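Participant: Got a predicted model here, sequence first, then my questions.
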Amino acid sequence: MTAFAADGVTVVDHPLVTHKLSIMRAKETSTVQFRTLLREISTLLCYEVTRELPLEDWPLETPVGPTTGRKIEGKKLVFVPILRAGLGLVEGMLDLVPSARVAHVGLYRDPETLEAVEYYFRAPEDVADRLCVVVDPMLATGGSAIAAIDRLKARGVRDLRFVCLVAAPEGVARLRAAHPDVPVWAAAVDGHLNDHGYIVPGLGDAGDRLFGTR
Ligand code: PRP
Ligand code: URA
């Protein structure tokens with residue numbers, strides 16, 4: 001499930017990620033375990049998505065003498081969870097980048113049409129000047145990710161990345177076609193979508209498993 005390669009797509013198949021994701025997939029895994037594992041994996045994915053961030057020199061004094069340190073360049077980045085399930089990735093990412101801002105995009109997938117329907121949007125005023133990392137555990141048809149990124153681009157955001165846990169090849173292809181400038185990080189790219197737009201084997205409904213709603 002990790003032998004997937006496509007331009008602009010990084011599959012984070014670190015053993016810790018694959019191990020934790022496998023436990024999340026199992027249908028007997030409890031809500032508590034699922035939530036804890038999602039938070040842990042999100043920290044590991046955050047480490048990967050920030051790997052290439054540019055640094056700038058920072059002249060400083062240690063207790064022993066002067067040196068030049070290095071700091072991440074530019075404004076604080078913005079994590080953008082797609083509600084609801086994207087919320088499960090935010091705390092783990094903030095553990096690693098506590099100064100990041102958070103924007104929220106509320107979208108649900110119409111169960112009949114599978115189209116994304118927006119019900120909420122709130123972002124920092126200067127979001128256009130920042131790198132936005134859009135996060136959602138599932139990239140299925142790609143409709144939700146595309147709608148969230150469309151919304152951010154309409155607010156002037158130009159520097160975007162997308163992070164998910166499980167992707168379907170169909171969603172990856174659609175997202176990359178709609179937004180070729182937005183690189184994607186995923187813990188796994190699975191086999192395919194079923195007739196209801198669920199990822200197979202996937203992990204089921206991420207929002208329901210995270211919040212215990214079904
Ligand atoms: C799920 C998931 C994604 C979306 C993926 O959300 O968290 O946002 O489906 O599917 P897509 O790629 O086909 O758009 P859902 O709509 O179930 O809402 P929820 O997070 O509130 O449960
Ligand atoms: N949304 C989910 O939560 N899971 C899927 O498999 C597809 C969409």
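Facilitator: Received the coordinates, thanks. Numbers count the residues shown, from 1 in each chain. Ligands and ions are numbered 1, 2, ... in the order given.

Participant: Find the helix or strand that the closest residue in space to His14 that isn't next to it in sequence is a member of.
Facilitator: Closest residue to His14 apart from its sequence neighbours, by CB to CB, 6 or more residues apart in numbering: Leu44 at 6.4 Å. C-beta: built from backbone N, CA, C; applies to glycine. Element membership of Leu44, judged by DSSP states H and E, is helix 31-49.

Participant: hmm, who's touching that helix?
Facilitator: 10, 12, 14, 16-17, 20-21, 23-24, 29, 88-93, 95-97, 133, 135, 137, 161, 163, 165, 185, 187, 209-212 (CB atoms under 8 Å, 6 or more residues apart in numbering).

Participant: Within range of ligand 2, give me the residues from the chain.
Facilitator: For the chain, the residues in contact with ligand 2 (CB under 6 Å from any ligand atom) are Met138, Ala140, Gly197, Tyr198, Ile199, Gly202, Asp205, Ala206, Gly207.

Participant: swap the cut-off to 5 Å and go again
Facilitator: Contact residues, the chain versus ligand 2 (CB under 5 Å from any ligand atom): Met138, Ala140, Tyr198, Ile199, Gly202, Asp205, Ala206.

Participant: Out of those, grab the one that's most surrounded.
Facilitator: In terms of neighbours by other CB atoms under 10 Å, these top out with Met138 at 28 neighbours.

Participant: for this protein, what spans make up the strands?
Facilitator: 9-11, 55-61, 66-72, 78-83, 101-102, 104-109, 116-122, 131-135, 138-139, 159-167, 184-189, 192-193, 199-200 (DSSP state E).

Participant: most packed of the ones you listed?
Facilitator: Comparing these by mean neighbour count (mean count of other CB atoms under 10 Å), strand 138-139 ranks first with a mean of 28.

Participant: sorry, back to before: columns distance to Arg176 and mean pLDDT on top of the strands of the chain, output as a markdown table?
Facilitator: Listed next are the strands of the chain as a markdown table, based on distance: least, CB to CB, whole Å; pLDDT from 0 to 100:
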| stretch | distance to Arg176 | mean pLDDT |
| --- | --- | --- |
| strand 9-11 | 7 | 97 |
| strand 55-61 | 28 | 98 |
| strand 66-72 | 27 | 97 |
| strand 78-83 | 17 | 98 |
| strand 101-102 | 25 | 98 |
| strand 104-109 | 19 | 94 |
| strand 116-122 | 17 | 96 |
| strand 131-135 | 14 | 98 |
| strand 138-139 | 11 | 98 |
| strand 159-167 | 10 | 98 |
| strand 184-189 | 7 | 98 |
| strand 192-193 | 16 | 96 |
| strand 199-200 | 17 | 98 |
